[in-house]
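A.B. asks: sharing a model that was predicted from the sequence below.
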Amino acid sequence: MTNTTTVTTDDWETTTAREVRVGDRVRVSEQEITVSRVEPSFLGMEGMIAFVEDNEQRWLKVPAPSTATVEVRRGG
């Protein structure tokens, strides 16, 4: 697999959705979330994944095609 990550402004990177890891801050589908979990097959559909944010403030699941371009700020 080729690394498709590129650097953008203010420490955000663009990458494919399948390269997102737990702990990343992600901008996708007009949402910005901190990823607590990545579900590799959203609703059983191959090629779709879901990012889940689960904390005391909110629970949110955002689906995306695994090949979609997303913006990521890496944790730590």
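C.D. replies: Looks like it arrived, so ask away.
A.B. asks: distance of the residue lying farthest from the centre of the chain from Ser66?
C.D. replies: Relative to the mean C-alpha coordinate of the chain, counting by CA atoms, centre = their mean, the farthest residue is Glu56 (19.6 Å). Going from Glu56 to Ser66 by CB to CB, to the nearest Å gives 29 Å. All C-beta atoms are positioned from the backbone trio N, CA, C, and that covers glycine.
A.B. asks: quick one: low-confidence parts of this structure?
C.D. replies: 1-9, 75-76 (pLDDT under 70).
A.B. asks: at which residues are the strands of it located?
C.D. replies: For the chain, the strands defined by DSSP state E cover 6-7, 13-16, 25-28, 31-34, 37-39, 48-54, 59-65, 69-73.
A.B. asks: got a markdown table for those strands, with mean neighbour count too?
C.D. replies: As requested, those are arranged in a markdown table below (neighbours: other CB atoms under 10 Å):
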| stretch | mean neighbour count |
| --- | --- |
| strand 6-7 | 8 |
| strand 13-16 | 17 |
| strand 25-28 | 18 |
| strand 31-34 | 15 |
| strand 37-39 | 14 |
| strand 48-54 | 19 |
| strand 59-65 | 15 |
| strand 69-73 | 18 |
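A.B. asks: Asp54: what's it in contact with?
C.D. replies: 36-37 (CB atoms under 8 Å, 6 or more residues apart in numbering).
A.B. asks: give me that answer again for 6 Å
C.D. replies: By CB atoms under 6 Å, 6 or more residues apart in numbering, Asp54 lies in contact with Ser36.
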